[in-house]
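>>> Predicted model and sequence follow; I will ask about them next.
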Amino acid sequence: MTAVAPVPEGVEYFLDARGDERALRIHWHHDADLVVLSMWRGHQCVSSFRLAIDEVPELIEALREGLDDAYVAAPRVDALPA
């Protein structure tokens with residue numbers, strides 16, 4: 001897609017566990033009432049998704065539910081063999 005300049009202020013990056021310079025970038029656009037989630041490989045944006053600001057709570061809830069399920073599925077540290 002397109003190459004970009006250095007990261008603007010207020011942008012958050014999350015690195016992909018697979019490496020290979022993959023990252024998720026989150027950039028709020030309060031003037032347009034949306035947040036842009038974009039996928040990066042190195043210095044190139046390879047895809048983006050515009051999420052309306054009023055849909056953000058639903059996304060957060062879906063992430064929270066998944067995190068809760070992960071904690072339930074994870075073995076307890078005190079239950080692991082020594």
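Everything's here; your move.

>>> Strands along this structure, start to end?
For the chain, applying DSSP state E gives strands covering 2-3, 11-15, 22-29, 34-41, 44-52.

>>> count of neighbours near the closest residue to residue 52 other than its chain neighbours?
Counting by Cβ to Cβ, 6 or more residues apart in numbering, residue 34 is the residue found nearest to residue 52 once chain neighbours are left out, at 5.5 Å. Any C-beta I mention is one placed from the backbone N, CA and C, and that applies to glycine too. A count of nearby residues for residue 34, using other Cβ atoms under 10 Å, gives 17.

>>> Then residue 40?
By other Cβ under 10 Å, 21 other residues sit near residue 40.

>>> Report the beta-bridge partners for residue 28.
Beta-bridge pairing for residue 28 (DSSP bridges): residue 35.

>>> Spatially central residue in this structure, please.
When Cα atoms, centre = their mean is applied to the chain, the residue found nearest the centroid is residue 24 (5.1 Å).

>>> From residue 74, how far out is that residue?
Residue 24 sits 23 Å away from residue 74, going by Cβ to Cβ, to the nearest Å.

>>> how much space between residue 11 and residue 29?
Following Cβ to Cβ, the distance that separates residue 11 from residue 29 is 11 Å.

>>> I misspoke; the intended subject was residue 23.
Shown here: residue 23 relative to residue 29, a distance of 19 Å by Cβ to Cβ.

>>> of the two, who's got more company?
Applying other Cβ under 10 Å to residue 23 and residue 29 shows that residue 23 carries more neighbours, namely 14 against 11.

>>> What does the pLDDT read for the nearest residue to residue 59 once chain neighbours are set aside?
Distances taken as Cβ to Cβ, 6+ apart place residue 51 nearest to residue 59, at 6.5 Å, with adjacent residues excluded. In this prediction, residue 51 carries a pLDDT score of 98.

>>> what's near enough to touch the residue nearest to residue 54 when sequence neighbours are not counted?
Closest residue to residue 54 apart from its sequence neighbours, by Cβ to Cβ, 6+ apart: residue 33 at 7.6 Å. Listed by Cβ atoms under 8 Å, 6 or more residues apart in numbering, the contact set of residue 33 reads 52, 53, 54.
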